[in-house]
Each structure stands twice: as structure tokens, then as C-alpha cells.
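test case, fold it:
(one chain, ligands or ions: 2)
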Amino acid sequence: MIEIRDLHKKFGALHVLKGIDLEVQKGEVLSVIGASGSGKSTLLYCINGLEPIHQGRVVVDGTDVHAKGTDVNKLRQKLGMVFQQWNSFPHLTVLENVALAPRIVRGLSMAEARDVAAKQLGHVGLGDKLNSYPNALSGGQQQRLAIARALAMEPDYMLFDEATSALDPELVGEVLDTMRLLAEEGMTMICVTHEMGFARDVSDRVAFFHQGTMEEIGPPAQIFGDAQSEHTRRFLANVR
Ligand code: ADP
Ligand code: MG
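Ligands and ions are numbered 1, 2, ... in the order given. Now for the predicted structure:
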């Protein structure tokens, strides 16, 4: 499980996360919503150790992410991450792109890495694209490639940072369907998203971020139907 206690993060004078307390249980799907600049991406980067923190702690399966001596590279294998866009290697096939990290980081043999890659590409519905090159894929297929690449590390958690925000509207659904499938299979997920339908239908809980604080967290029925915070209600009125 992921435990976040009194997490503070600053960029220079800018106080971006102002004391976040949050626990994400195994198998839980948490959606994180909120206006641009509210600190959602920074939260994910602090969870996987891409950004140092200024106060508090983040503990993943008992390991303090930011403690001296923590092997962040090893920890990141547990935490798959999918960004808005991922620059795949254009000169490698889809299969080779996904096999690369298992080969290098997990130390699998070439044959093992290709097996894992083929399995995860099948998982995201790209089983017929193994030998294609990334630039032959649609935006939605490229995002599913990015998901397969993260899954090939066999992570225990998946962190999504607006995985569909850069896509043309007609391509959003296939990526959300893949995320929904992972959720149904029991993957533990933190999804920063602007897709309120996904947040409502797929999440166990939804967290609303406002200016660096977690203003409200609760089941979708609460957040979307009976928000306690005026800021939450105003945000939702504007995005719907
Ligand atoms: P969100 O993902 O909710 O849009 P971010 O976490 O990206 O918000 O950013 C929160 C705030 O931190 C914003 O004001 C942003 O400009 C600032 N910020 C993010 N990353 C950096 C950085 N590397 N250096 C300086 N400021 C940053
Ligand atoms: Mg962001």
C-alpha cells in the first residue's frame, strides 16, 4: 500500500503540496481531479521519487521512498507510470520498445523479455502490432503501447498522469477501456484525470485537489453527488 503523510513539496518559493495525507490500499483505484496547477502531477512524481520532498513521507509497501539509502530504481519497478505522451523509440518495433526495459532493468533474457512484451501487448489489444513501428500507430494505440511498456515491468501500482489528455476525442475511449480493464483485474491505480465519467464509474475513491491541498476525498457518489467542499462543487460545475 501507499501511505502519504504530511507531504510538502516546494519549487523555490512556490508551495505546491501543502501537507497531503493519503493512503491507497492494494487493489484500490483512486482518481485525482482538480484544476491545472493544483499539484496533481507533482503528487505522482513525489510518490515514485522523481521529485524530492520538503517535509513528510511517502511509504510504498513499507519502503520510505525519500529516505537516504532507498534504491529508487528498484522501487520504481513497482510503480508503473504513464504520462500524457511517451516518446517511444522510433527505430524499434512495438515489441522491441516494450521488451527493452524488462531486458535491461529486470535483466531478463532476450527471449523472456520478448515473451513478457508480447503478453502485455496482447493485454492492451496490440497483439497484432508487435512488428509495427510506433509511428504507424494511432495516438490511442501509442498510449496503449505506453501502458504495455509500464506493465512489462510487472508493477504492483500504476500511476496515470492524464493518460488521455493529449488524444483526439475519438481515441480517448480505447485508452480508458484499457485502464478500466486493469482496474477490473485488480491493479492498484492512481489516475490523474479530467475524464469525469471514468472517475465516477471506475474509481473506488476520488480525490479533489485545490491549490496544493487535498480538499476532499470520498467515493464517487459523494464527490459527484454530494460534494462537501464549495471548491469541489464549483470545479465540477465548470468541467461538466
Ligand atoms: P497539475 O498537475 O495539477 O496541473 P502540477 O503538479 O504540474 O499541477 O504543478 C503544480 C504547480 O507547481 C504549478 O504551479 C506548476 O507551475 C508548478 N511546477 C510544477 N513543476 C515545476 C517545476 N519543475 N519547477 C517549478 N515549478 C513547477
Ligand atoms: Mg499535471
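
low-confidence ranges, the protein, go.
Along the chain, segments meeting pLDDT under 70 span 240.

hmm, who's touching the longest helix anywhere in the chain?
Longest helix in the chain, counting residues (DSSP state H): helix 169-184. For helix 169-184, contacts defined as C-beta atoms under 8 Å, 6 or more residues apart in numbering pick out 29, 123-125, 138-141, 143-144, 147, 151, 158, 160, 163-164, 167, 189, 191, 195, 198, 201-202. C-betas here are computed from N, CA, C, even on glycine.

among the residues you listed, which are in strands?
Val29, Met158, Phe160, Met189, Cys191 (DSSP state E).

the strands in this structure, which residues?
Along the chain, counting by DSSP E, strands occupy 2-11, 14-24, 29-34, 55-60, 63-64, 79-82, 157-161, 188-192, 205-210, 213-218.

which other residues reach the shortest one?
Residues outside strand 63-64 that contact it (C-beta under 8 Å, 6+ apart) are Arg57, Val58, Thr70, Leu75.

ok, of the residues you listed, which come out buried?
Neighbour-count burial (16 or more other C-beta atoms under 10 Å) is assigned, among these, to Val58, Leu75.

return the member of the contacts of strand 63-64 nearest to ligand 1.
Nearest to ligand 1 among the contacts of strand 63-64: Val58, at 14.9 Å, using C-beta to the nearest ligand atom.

correct me, but the closest one touches Leu44?
No. Using C-beta atoms under 8 Å as the test, Val58 is too far from Leu44 to be in contact (10.7 Å).

quick one: residues contacting the residue nearest to Glu23 when sequence neighbours are not counted.
Among residues not flanking Glu23 along the chain, Glu3 sits closest, at 5.2 Å (C-beta to C-beta, 6 or more residues apart in numbering). Residues in contact with Glu3 (C-beta under 8 Å, 6+ apart) are Leu22, Glu23, Arg57, Val58, Val59, Val60.

swap in Leu137?
Applying C-beta under 8 Å, 6+ apart to Leu137 gives the contacts Val94, Leu126, Lys129, Leu145.

got the residues of the chain near ligand 1?
Taking C-beta under 6 Å from any ligand atom, the part of the chain that reaches ligand 1 is made up of Phe11, Leu14, Val16, Gly34, Ser36, Gly37, Ser38, Gly39, Lys40, Ser41, Thr42.

could you identify the most distant pair in those residues?
Spanning the widest gap among the residues of the chain next to ligand 1 are Phe11 and Gly34, at 17.3 Å by C-beta to C-beta.

so for those two, which residue has more residues nearby?
The neighbour comparison of Phe11 against Gly34 (other C-beta atoms under 10 Å) goes to Gly34, with 24 against 10.

does the more buried one touch Val206 like I think?
No. Counting by C-beta under 8 Å, Gly34 sits too far from Val206 to count as a contact (10.2 Å).

now do the shared contacts for those two.
Residues touching both Gly34 and Val206 (C-beta under 8 Å, 6+ apart): none.

just to revisit the earlier point, who is the residue nearest to Glu23 paired with across the strands?
Glu23, Val59 (DSSP bridges).
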